[in-house]
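S.K.: I would like the atomic coordinates for the input below:
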Amino acid sequence: MKMTKTVSADAATSENKRSANASEPTQFDQYFMNLAMEEARRAAAIGEVPVGAVIVRFSAGAEPAVVSTSHNQRESLHDPTAHAEILALRAAGEKLGNWQLIDCDLYVTLEPCPMCAGALINARIRRIIFGCRDPKAGAVGSLYNLPADERFNHRPRILEGVQAQDASRLLKDFFTARRKNRRGD
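M.R.: Predicted coordinates for the structure are as follows:
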C-alpha cells in the first residue's frame, strides 16, 4: 500500500487508537519507520552513523503528519549532541512553536541513548517506536529503561523491533565498511 505523508483522518483515528496501546506495529508504524530508514541511509551516505528519526503528529481529528525528520550529524556538525532524535526534537519544537510534543510520536531506527531518552521524556513524546536495540548505549530497555522509570512525570509508550533486522543490518554494514577502510583493505 502506497502512502503519502498524511493519511485520511478517519483511518488515522482508528489506526492511531489501536496503535497507541498495541504491541504490534501498524501499517502507519511501518510507513513512518520506512521514512526513518531513509534518513538513516542519508546519514550513512555522508559518513555518519546511520540512525534516522521522524516525528509524527497525531492530533485529534487531523491527519497524521510528519513534523520533522533528521539523521545523525555529529561528525558533520562537530556536535556530540547531534543525534537524529535531538535534531528531530529541535526541528519539531521550532515548527510547532512548543517544546511539549504531547501529541507526537518518534520513529527512530536505533534504540535511544540516555541523552536522547531523557530529551524525549522532557519533550512529552507520546510514543517511542524504534528499530533495533543498542546493547552498548540503549536507554529504552537494553542498558537502562528511562521511559519506564516511575519517578519521571511523563512516561512515553514504547514499541520496539519495527524493522529491527533492516536497521541492524544497515548499522553492521556501515561499521564493517568503516573498519575495512581504516585497515586499508
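S.K.: which other helices and strands contact whichever helix or strand residue 178 is part of?
M.R.: Element membership for residue 178 (DSSP states H and E) is helix 164-183. The helices and strands touching helix 164-183, judged by 3 or more CB pairs under 8 Å, 6 or more residues apart in numbering; DSSP states H and E, are helix 27-45, strand 104-110, strand 127-132. For the C-beta atoms, the positions are set from N, CA and C on the backbone; glycine is no exception.
S.K.: Going by neighbour count, list what's buried in the longest one.
M.R.: Neighbour-count burial for helix 27-45 flags 28-29, 31-37, 39-40, 42-44 (criterion: 16 or more other CB atoms under 10 Å).
S.K.: Tell me what angle that helix forms with strand 127-132.
M.R.: 50 degrees (axes from the mean of the first three to the mean of the last three CA atoms, to 10 degrees).
S.K.: Quick check: pLDDT value at the spatially most central residue of the chain.
M.R.: In the chain, the centroid-proximal residue (CA atoms, centre = their mean) is residue 108; its distance is 2.0 Å. pLDDT, residue 108: 98.
S.K.: ok, and the closest non-adjacent residue to it?
M.R.: Take residue 108 and drop its neighbours on the chain: the residue closest to it by CB to CB, 6 or more residues apart in numbering is residue 53, 4.4 Å away.
S.K.: part of a strand, is the one you found?
M.R.: Yes. Read with DSSP: H, G, I helix; E, B strand; the rest coil, residue 53 is one of the residues of a strand.
S.K.: what bridges to it?
M.R.: Residue 53 has these beta-bridge partners by DSSP bridges: residue 70, residue 108.
S.K.: got it, and the one 4 residues further on?
M.R.: Counting by DSSP bridges, residue 57 forms beta bridges with residue 65, residue 104.
S.K.: In contact with residue 128, which residues?
M.R.: Residues near residue 128 by CB atoms under 8 Å, 6 or more residues apart in numbering: 105-106, 108, 112, 117, 120, 140, 147, 156-159.
S.K.: Restricted to helices, list those.
M.R.: Counting by DSSP state H, the part of these found in helices is 117, 120.
S.K.: need the contact list for residue 35.
M.R.: 5, 52, 54, 66, 69, 107.
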